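Trainee: Predicted coordinates and the sequence they were generated for:
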Amino acid sequence: QVQLVESGGGLVQAGGSLRLSCAASGRTFSSYAMGWFRQAPGKEREFVATISNWKGGSTYYADSVKGRFTISRDNARNTVYLQMNSLKPEDTAVYYCAGGIAPGIVVTATAYPYWGQGTQVTVSS
């Protein structure tokens, strides 16, 4: 069983930055693909970014965040990060960290069995 705990959300003005962190329990963190998803009020949960469990950590981003967000992982700290720059009001959502053992790049929410409780990000205009 893997437990995920997100932190780092908050209120920021448009154009600002935030860094989300997701701390994972367990000794096999490096074997997990990790992802970030978000859900805005009245909308379905959507994929944001993922980093693979391959050596070197391949990454993949939703078009809406490409060039603004960066996902990274520190296997020694069992933590995955989401650096969010140039934030826009449409980035406002609850952000969720997800983990799974599927190999490679994983963009489908159903492929992730482990989820955090979410952290609120609000971007004001």
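Mentor: Thanks, I have the structure now.

Trainee: hey, where'd the strands end up in this structure?
Mentor: 4-7, 10-13, 18-24, 33-39, 46-51, 59-61, 69-74, 79-84, 93-100, 114-115, 119-124 (DSSP state E).

Trainee: nearest to residue 107, of these?
Mentor: Closest to residue 107 of these, according to CB to CB: strand 46-51, at 4.8 Å. (Glycine included, C-beta is placed from N, CA and C.)

Trainee: what comes into contact with the closest one?
Mentor: Identification of contacts with strand 46-51 by CB atoms under 8 Å, 6 or more residues apart in numbering yields 33-39, 57-62, 65, 69-73, 80, 82, 95, 105-109.

Trainee: CA atoms only: put that strand into CSV for me.
Mentor: Extracted in CSV, the C-alpha atoms of strand 46-51 (Å, rounded to 0.1, in the frame of the first residue of the first chain):
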residue,chain,number,x,y,z
GLU,A,46,-7.9,15.9,-16.1
PHE,A,47,-4.4,14.8,-16.7
VAL,A,48,-1.6,17.4,-16.0
ALA,A,49,1.8,15.7,-16.1
THR,A,50,3.5,12.4,-15.5
ILE,A,51,7.0,11.1,-14.9
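
Trainee: Tell me what angle that strand forms with strand 33-39.
Mentor: Relative orientation of strand 46-51 and strand 33-39, computed by axes from the mean of the first three to the mean of the last three CA atoms, to 10 degrees: 160 degrees.

Trainee: Direction included, what does strand 46-51 pair up with?
Mentor: Partner strands for strand 46-51, per DSSP bridges, with pairing direction: strand 33-39 (antiparallel), strand 59-61 (antiparallel).

Trainee: any chance of those in a markdown table, plus mean pLDDT?
Mentor: Formatted as a markdown table, the strands paired with strand 46-51 follow (pLDDT from 0 to 100):
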| stretch | mean pLDDT |
| --- | --- |
| strand 33-39 | 96 |
| strand 59-61 | 96 |
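
Trainee: Need the winner for burial among those strands.
Mentor: Stretch with highest mean neighbour count among the strands paired with strand 46-51: strand 33-39 (a mean of 24; mean count of other CB atoms under 10 Å).
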